[in-house]
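A.B. asks: Task: produce atomic coordinates for the following.
(one chain, ligands or ions: 3)
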Amino acid sequence: MKNNRRSESCGTAAECAAGKGAAENKTMEYMKISETEEHLLERLHSPDDLKALSPEQCTALCAEIRSLLIETVSKTGGHLASNLGSVELTVAMHRVFDSPEDKFVWDVGHQCYTHKILTGRLERFSTLRQENGISGFPKPNESEHDSFISGHSSTAISVACGIAEGMRLHGDKEHFAVAVVGDGAMTGGLSYEGLNNAGKSRNNLIVILNDNEMSISKNVGALARYLSSMRSSEGYVRTKKAVERRLNRTAVIGPSVAKVIKNSKSVVRDVLLQSATIFEDFGFVYLGPVDGHNLVELEEVLLAAKEYHRPVFIHVHTVKGKGYAPAEAKPSEYHGISKFDIETGNPEVSAADSYSEMFGKELVQLAKHDPRICAVTAAMGGGTGLHHFAREFPNRYYDVGIAEQHAVTFSAALASMGELPVFAVYSSFLQRAYDQLMHDVAIGGMHVVLGIDRAGVVGEDGETHHGLYDVSFLCTVPNTVIYAPACYEEMRLCLRRALYRDKGLACIRYPRGSEKVSFDKTALNTEYTHVSGRKTDTLYISYGRVYDHLYRASRRMAEEGVFCDLLKLTRIFPLAEGVVEIAMSYAHVVFLEEAYYYGGISQLLGDLLLERGFRGTYRRVAPKAYLPQASTDSQMETMGLSEHAIYQDMQQEAKHGKA
Ligand SMILES: Cc1ncc(C[n+]2csc(CCOP(=O)(O)OP(=O)(O)O)c2C)c(N)n1
Ligand SMILES: CC(=O)[C@@H](O)[C@H](O)COP(=O)(O)O
Ligand SMILES: [Mg+2]
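C.D. replies: Ligands and ions are numbered 1, 2, ... in the order given. This is a model prediction of the structure:
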């Protein structure tokens, strides 16, 4: 085992980290650099090099990594607080395990920056979340050390369980599947499906709960309270190990009794702790809670976990934002942050002006006059603007944790009781609640309003977070209404209509960021707007924020004497009868859609035109492939939906005599 090398130099990782040295008289083969020397990172060429570091160097390394995290994220934006909180844990994992043979699985994956720095991506770390740069989430195509895709919460236990079983089936008893799961991610039901399946298996699965008492905002629910009680209990692994060590040193009966102790957790637990943990009841060995910033404790508990060769659950307690005062003070604000000034901590971009903020504020205004309105979020109260509602109406505000499926069904049940539930949710996170929309909301005609935030491309979060698929899957839910406002005022109109005119499932989808409006806002409505200047044979159709790109491009073409008519959809599903009739009256129709090419509205209109015997040309511009991280503007250009791309499209239409 690779670990043997470490035992030759300074005993076990834990003893090395503890600075004890396996035996004082052994030669300590530390790296050939002085312990006070800086730039340790530059001397680490692989995770293995970590194993030869002295305890002092490990501490210095963690400080160096923290500085790099703060420096880099202040320039690129990203997930700072979560990464600051997992520096020691990541260093300890790479010192005790052997990545990539041992597989690390990061839940959500937003805390993987230290892992990336330590696995060959130091030189490229400044490209974090940039176009053609390294991703802010694990990507197997980026490194063999990234064992699985992540970005959405609560998947890591299931993934690591599958990997551990694969190892067992291949006869690999030497390596481990190690999942790092946050306490927020543990509020997601999928985590328990994984625990339930994994607990009794005989494989090398290790689950590390990184408990920092935070989701994006303060963690919620019974689990948060349970973990709090665990944290206040006597540290299980410390006392358990201490008991074993004491017995091992007892000449006569020690070792044999220590072996009994280790195998009979109930003796240790009953003696040292009053009750089993839920994780042991799932069939795991439970170790912890352990100080997640104490390298000695971390390495000791990780080494202990390797001895069991059966599922082990390690409870680690960390501080979100550790090491950067503004992030420690306000971990929610520094969870995901834009570029910021390190000295002041002030972000470059204020979230104050955004569709999310406007949605949240409008809902508050409506709720002041309607006590039936309830607001529901799945751990995204800040991101969706519902924090305004939480402040005004705490009694009818529900943060259900990272539990979108529960949020939908819970909302349906609120509706069944005569309430008016509004669930604000990011489009990509809603994907996991598809059946709840169908089974619990739509079939019974429950009146639930969805505020679908981050609809469309989202920029630097990349493939896992784009809201490009909600249109396709919502169109398959009978009796659903979908609105795609192109500005704040239209969003307000759509919200009122969804609440008070529509029945069943009513959805309003809007993008990340703020509105940009060049078009005429005088005749806003919730159906559609036909902008027809001089009669032309060509009609461009769009909805949402792309309509403003279309409008600006058409103005540029008009200045060149080339004209086309425009059709702005506000209610995109079901399509109004008038929309089809208007389209039928043109020779050439182009539909620009910021939603997945298949199953969206542009495909639906094409079907309807075909059914009506449309004889003209019909072209659709919409994304088919996954879009990697980049700026939103760049992603718009890639999709052919930027003002410039649409202008070029119009020039082509004109060249072929269609505009
Ligand atoms: C299905 C899903 N819902 C919501 C999110 C948004 N999200 C990303 S990280 C996070 C909080 C995670 O908290 P925790 O697991 O405790 O990690 P920490 O940031 O505290 O280290 C949330 C809600 C997501 N990524 N996936
Ligand atoms: C990691 C995660 O899923 C969230 O933190 C997400 O990145 C937030 O996205 P916004 O920055 O659009 O709120
Ligand atoms: Mg957390």
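A.B. asks: Can you list the low-confidence ranges for the stretch 101-250 of the chain?
C.D. replies: Low-confidence segments of the stretch 101-250 of the chain, defined by pLDDT under 70: 234-250.
A.B. asks: Identify the residue of it closest to ligand 3, quick one.
C.D. replies: Gly182 (3.8 Å; C-beta to the ion). Every C-beta, even on glycine, is put in place using the N, C-alpha and C of the backbone.
A.B. asks: which residues touch that residue?
C.D. replies: Counting by C-beta atoms under 8 Å, 6 or more residues apart in numbering, Gly182 makes contact with Ser82, Asp107, Val108, Gln111, Leu209, Asn210, Asp211, Asn212, Ser215.
A.B. asks: Quick check: the closest residue to the second one other than its chain neighbours vs Ala164, distance?
C.D. replies: In other words, Asp107. Of all residues beyond its chain neighbours, the one nearest Asp107 is Ala156 (3.5 Å), with distances taken as C-beta to C-beta, 6 or more residues apart in numbering. Using C-beta to C-beta, to the nearest Å, Ala156 is found at 12 Å from Ala164.
A.B. asks: re earlier: who's in contact with the residue nearest to Asp107?
C.D. replies: For Ala156, the contact set (C-beta under 8 Å, 6+ apart) comprises Val105, Trp106, Asp107, Ser150, Ala179, Val180, Val181, Ala185, Ser191, Gly194, Val207.
A.B. asks: of the residues you listed, list those near ligand 1.
C.D. replies: Among the contacts of Ala156, proximity to ligand 1 is found for Ala185 (C-beta under 6 Å from any ligand atom).
A.B. asks: Out of the contacts of Ala156, which is nearest to Arg454?
C.D. replies: Closest approach to Arg454 among these (C-beta to C-beta): Ser150, at 17.5 Å.
A.B. asks: Tell me the secondary structure at the closest one.
C.D. replies: Under the three-state scheme (DSSP: H, G, I helix; E, B strand; the rest coil), Ser150 adopts coil.
A.B. asks: Surely Gly199 is in contact with Tyr286?
C.D. replies: No - counting by C-beta atoms under 8 Å, Tyr286 is not a contact partner of Gly199; they are 10.9 Å apart.
A.B. asks: what about the two, which has more around it?
C.D. replies: Tyr286 (25 against 19; other C-beta atoms under 10 Å).
A.B. asks: So which of the contacts of Gly182 is surrounded by the most neighbours?
C.D. replies: Of all these, Asp107 has the most neighbours under the rule other C-beta under 10 Å, reaching 32 neighbours.
A.B. asks: quick one: contacts for that residue?
C.D. replies: Asp107 neighbours (C-beta under 8 Å, 6+ apart): Ser150, Ser153, Ser154, Thr155, Ala156, Ile157, Ala179, Val180, Val181, Gly182, Ala185, Ser191.
A.B. asks: Got the domain ranges for this structure?
C.D. replies: The chain breaks down into these domains under automatic domain parsing: 20-234+274-334, 355-509, 528-655.
A.B. asks: comparing the ones you listed, which gets the lowest mean pLDDT score?
C.D. replies: Per-stretch mean pLDDT for the domains of the chain is lowest at domain 20-234+274-334 (a mean of 92).
A.B. asks: and it, is it in reach of ligand 2?
C.D. replies: Yes - for domain 20-234+274-334, a contact with ligand 2 is found by C-beta under 6 Å from any ligand atom, at His79, Val108, His110.
A.B. asks: wait, which of the residues you listed is closest to ligand 2?
C.D. replies: Taking C-beta to the nearest ligand atom as the measure, ligand 2 lies nearest His110 of the residues of domain 20-234+274-334 next to ligand 2, at 3.9 Å.
A.B. asks: count of residues packed around Ser427?
C.D. replies: Ser427, neighbours per other C-beta under 10 Å, totals 28.
A.B. asks: can you tell me which residues contact it?
C.D. replies: Contacts of Ser427 by C-beta under 8 Å, 6+ apart are Ile452, Asp453, Arg454, Ala455, Gly456, His466, Gly467, Leu468, Tyr469, Asp470, Arg509.
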